[in-house]
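Participant: attaching a predicted model along with its sequence, questions to come.
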Amino acid sequence: MEETEETRTAVRSEKIERLAARRAKERARIARWDLDVAVFLFVILIIVIILLFQGIGIEIVAPVAIVGLVMVWIVGWRRGKQLYEGFYEEELAKLEQAEDKKVEKKVVRETLEETIEEKVQKALRERWR
């Protein structure tokens, strides 16, 4: 009996962790491209346009654009990783609290059912007297 309860708890815990990881990944993916990154991309675009209008060769402009885009990707990747870790902990805490509330409600319901059952039994005993 204990083994099955431990197994259920382990499976439930694993499901909670997978769900928390999925939700954290989604939130981090959305949040990593913020206003700072957008402004940086526009700065790169403006620099490339200015260099082209100044008559600078494509041999120089292309590497500048590539370096800028690589920097944006690295900043977004790092930010996403940092956000993922924070969001993962937050989601895990939320899901564990929800699980605890379910267990607590179940205990309260069982206690309430026991109390109702005791009242019914008491009323039946009094009736039979």
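Facilitator: Sure thing, it's come through.

Participant: please count neighbours and contacts with C-alpha atoms only from this point.
Facilitator: Fine.

Participant: below-threshold pLDDT in this structure: ranges please.
Facilitator: Along the chain, segments meeting pLDDT under 70 span 1-12, 103-104, 107-110, 112-114, 116.

Participant: which ones are touching the residue nearest the centre of it?
Facilitator: What sits nearest the mean C-alpha location of the chain, by CA atoms, centre = their mean, is A24, with 2.3 Å. Each residue near A24 by CA atoms under 8 Å, 6 or more residues apart in numbering is listed here: Y84, E85, F87, Y88, E91.

Participant: does G76 touch D36 like I think?
Facilitator: No - if you go by CA atoms under 8 Å, G76 and D36 don't touch, sitting 10.0 Å apart.

Participant: which residue ranges of this protein form strands?
Facilitator: Along the chain, no segments are classed as strands by DSSP state E.

Participant: OK, contacts around the residue lying closest to E17 once chain neighbours are set aside?
Facilitator: Nearest-residue entry for E17: L92, 6.5 Å, with adjacent residues in sequence omitted and distances by CA to CA, 6 or more residues apart in numbering. Neighbour list for L92: I16, E17, A20, A21 [criterion: CA under 8 Å, 6+ apart].
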